[in-house]
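A.B. asks: what's the 3D shape of this:
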Amino acid sequence: MADLLSHIVASSAAERLATGFVFTEGPLWHPDGYLLFVDIRRSQILKLVPGGQPEIIREQSGESNGMTFDAQGRVVICEMVNRRVTRMEADGSYTVLADRWNNQRLNRPNDVVGKSDGSLYFTNPGRERLEPAVVDMAFNSVHRIRPDGTVDCIIPHFDYPNGLAFSPDERLLYVANTRPGQYIQVYDVHADGTISNGRHFADMPSPDATNGVPDGMKVDVEGRVYCTGPGGCWVFDPAGTLIGIIRLPEYPANCAWGGPDNQTMFFTANTSIYSLRMQTPGTRIPRA
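C.D. replies: Next comes the predicted model:
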């Protein structure tokens, strides 16, 4: 496996860019040359220019988690405690994109990814973590926000959906399941944005889940799937065969492509932020 990973990872070791956090997540590289990420436990969103010091740009963020850009380049955020998906506006305000489906309040939106048609797809786990009196939805799920603002449920009754990512041609949608089972599912994506034919892609087992679970996910331009999980970041070929596990000083919860050439992978790993240069660029977030 090490020989195979050597064709994927260019850095000899991960570089720690910042530390001193509680639980980092939601990395998002901004084309202006900085990384956005969250500290979930402190409910903060932070900005980090490589080589500089992290700057808090939002406090009391509702335990924000996954982030992406919409087609116009605006930051989209999953707010778990606030149970909604929002968009950060240029004036610093936040617009709610989704907080309900079918007149039912969402559970705990976790991660979000954009598609080139302008739609956004997000995972909605955490029903079992809510007080029964405030639960509206009868299941965990994956949703789509259409460009016109309509919220659809595209995958109902998913165990615990977490990270998600599209294949380079957007014909496949990968969804990580945190528990139980610890696996990745893959679905066919149709021209109208609907999905079908959900099937098993890969297992990511761990004896006790104390060193990570299937979580954040990204794809490179050759279709390899990178999913943070037990012991590191697992790398699979497009057929679902494990190539190897990228080991870091701390186990990572999420990852993001970035840098000027989109060939650096940034990892949010517990108390720290790390980066690794890769041999292959990642898929870019769609922009109008």
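
A.B. asks: can you find the helix or strand in this protein with the smallest mean pLDDT?
C.D. replies: helix 2-6 (a mean of 71; mean pLDDT, DSSP states H and E).

A.B. asks: within the sheet, what are the partner strands of the next helix-or-strand element following it, with directions?
C.D. replies: Next helix or strand after helix 2-6 toward the C-terminus (DSSP states H and E): strand 15-19. Using DSSP bridges, strand 15-19 pairs in its sheet with strand 272-277 (antiparallel).

A.B. asks: from the chain's centre, how far out does the strand it pairs with sit?
C.D. replies: 16 Å (Cα atoms, centre = their mean, to the nearest Å).

A.B. asks: contacting residues around it?
C.D. replies: 9-11, 14-21, 24, 27, 35, 37, 48, 50, 54, 246, 248-250, 252, 263-267 (Cβ atoms under 8 Å, 6 or more residues apart in numbering). Backbone N, C-alpha and C define where each C-beta goes, glycine included.

A.B. asks: adjacent strands (with direction) for the longest strand anywhere in the chain?
C.D. replies: The strand spanning the most residues in the chain, taking DSSP state E as the definition, is strand 195-203. Using DSSP bridges, strand 195-203 pairs in its sheet with strand 183-189 (antiparallel).

A.B. asks: tell me how far the partner strand is from the chain's mean position?
C.D. replies: Using Cα atoms, centre = their mean, the offset of strand 183-189 from its chain centre is 15 Å.

A.B. asks: buried stuff in that strand?
C.D. replies: For strand 183-189, the neighbour count (16 or more other Cβ atoms under 10 Å) marks 183-187, 189 as buried.

A.B. asks: just the residues contacting it, thanks.
C.D. replies: Against strand 183-189 from outside (Cβ under 8 Å, 6+ apart): 115, 155, 158, 166, 170-177, 195-204, 214, 217, 225, 227, 236, 240.

A.B. asks: what number of residues are in the vicinity of Ala176?
C.D. replies: The number of residues packed near Ala176 is 30, by other Cβ atoms under 10 Å.

A.B. asks: partners of the helix or strand hosting it in the sheet?
C.D. replies: Assigned by DSSP H and E, Ala176 belongs to strand 172-177. Using DSSP bridges, strand 172-177 pairs in its sheet with strand 161-166 (antiparallel), strand 183-189 (antiparallel).

A.B. asks: mind listing what's buried along stretch 133-147?
C.D. replies: By 16+ other Cβ under 10 Å, the buried positions in stretch 133-147 come out as 137, 140-145.

A.B. asks: ok, now stretch 157-175?
C.D. replies: For stretch 157-175, by 16+ other Cβ under 10 Å, it's 158-168, 172-175.

A.B. asks: which one of those residues is nearest to Arg41?
C.D. replies: Asn162 (17.3 Å; Cβ to Cβ).

A.B. asks: ok, that closest one touching Asn124?
C.D. replies: No: counting by Cβ atoms under 8 Å, Asn162 stays clear of Asn124, with 10.5 Å between them.

A.B. asks: need the residues touching each of the two.
C.D. replies: Common contacts of Asn162 and Asn124, defined by Cβ under 8 Å, 6+ apart, comprise Asn110.

A.B. asks: re earlier: how distant is the longest strand of the chain from the center of its chain?
C.D. replies: With Cα atoms, centre = their mean, you get 18 Å for strand 195-203.

A.B. asks: buried ones in that strand?
C.D. replies: Buried, per 16+ other Cβ under 10 Å, within strand 195-203: 195, 201-202.

A.B. asks: same question for stretch 221-234.
C.D. replies: 223-234.

A.B. asks: next: stretch 119-131.
C.D. replies: Buried residues in stretch 119-131 (16+ other Cβ under 10 Å): 119-127.

A.B. asks: who does the spatially closest residue to Arg74 that is not a sequence neighbour form a beta bridge with?
C.D. replies: Spatial nearest neighbour of Arg74, excluding adjacent residues (Cβ to Cβ, 6 or more residues apart in numbering): Arg87 at 5.3 Å. Applying DSSP bridges to Arg87 yields these beta-bridge partners: Val76, Thr95.

A.B. asks: may I see the buried residues of stretch 78-86?
C.D. replies: Buried residues in stretch 78-86 (16+ other Cβ under 10 Å): 78-80, 82-86.

A.B. asks: dump these to a markdown table, plus distance to Arg108, pLDDT and secondary structure.
C.D. replies: Converted to a markdown table, the buried residues of stretch 78-86 look like this (distance: Cβ to Cβ, whole Å; pLDDT from 0 to 100; DSSP: H, G, I helix; E, B strand; the rest coil):
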| residue | distance to Arg108 | pLDDT | secondary structure |
| --- | --- | --- | --- |
| Cys78 | 8 | 98 | strand |
| Glu79 | 9 | 98 | strand |
| Met80 | 4 | 97 | coil |
| Asn82 | 9 | 98 | coil |
| Arg83 | 6 | 98 | coil |
| Arg84 | 10 | 98 | strand |
| Val85 | 11 | 98 | strand |
| Thr86 | 14 | 98 | strand |
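
A.B. asks: many thanks, we can stop here.
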